[in-house]
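>>> Predicted structure and sequence below. I'll ask about it afterward.
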Amino acid sequence: MKIQESAQDYLESILILSQEKEHVRATDICNYFGYARATVSVFLKQLKENGYVTVSEHNHIYLTDEGKDIAEKMYERHQFLTDLFIRIGVNEETAKKDACRVEHYVSEETFAAMKAYFGN
């Protein structure tokens, strides 16, 4: 399933935040990206409507199975590509930014080939 780059970024951020915090809230996402609360609220509503997240009565945000699958895939790509770029001599800050862009556009086939060639 093809979803927008921004949705992938939000799902990935929720995954990362859930590894750091017991509960993820909209304010955590606001702080993560530096976005206004209204922007995050609108996007969370869309993610909820599309079945990628649920929000508890206490406003805790959880990934659905489908949302988690997408988030984990993006996170794996981001980590692998960041690592690869650093290994070939790119400075860490640039490597992270470039990996964030590339992770959304590289095909499954190319990513699998990169992992096989450069190692896990």
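Sure thing, it's come through. Remember, it's a predicted structure, so these values are computed and weren't measured experimentally.
>>> Break this structure down into its domains, please.
5-64, 70-118 (automatic domain parsing).
>>> Export those to TSV and append columns for mean neighbour count.
For the C-beta atoms, the positions are set from N, CA and C on the backbone; glycine is no exception. Shown next, in TSV, are the domains of the chain (neighbours: other C-beta atoms under 10 Å):
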stretch	mean neighbour count
domain 5-64	16
domain 70-118	15
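>>> Can you add mean pLDDT and give those domains back as TSV?
Shown next, in TSV, are the domains of the chain (pLDDT from 0 to 100):
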stretch	mean pLDDT
domain 5-64	95
domain 70-118	95
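>>> Assign a three-state SS to residue 51, would you?
What DSSP: H, G, I helix; E, B strand; the rest coil gives for residue 51 is coil.
>>> That one and residue 32, how far apart?
Distance of residue 51 to residue 32, given as C-beta to C-beta, to the nearest Å: 22 Å.
>>> Skip the chain neighbours and tell me the closest residue to residue 74.
residue 12 (4.4 Å; C-beta to C-beta, 6 or more residues apart in numbering).
>>> my guess is the one you found meets residue 77, correct?
No. Using C-beta atoms under 8 Å, residue 12 is not in contact with residue 77, being 9.2 Å away.
>>> follow-up on the earlier one: so the residue nearest to residue 74: helix, strand or coil?
helix.
>>> What are the neighbouring residues in contact with it?
Residue 12 makes contacts with 71, 74, 75, 78, as judged by C-beta atoms under 8 Å, 6 or more residues apart in numbering.
>>> Distance check, the third one against residue 49.
Translated: residue 75. Separation of residue 75 from residue 49 (C-beta to C-beta): 23 Å.
>>> ditto for the first one
Applying C-beta to C-beta, the value for residue 71 to residue 49 is 17 Å.
>>> just the strands in the chain please.
Here the chain has its strands, by DSSP state E, at 53-55, 61-63.
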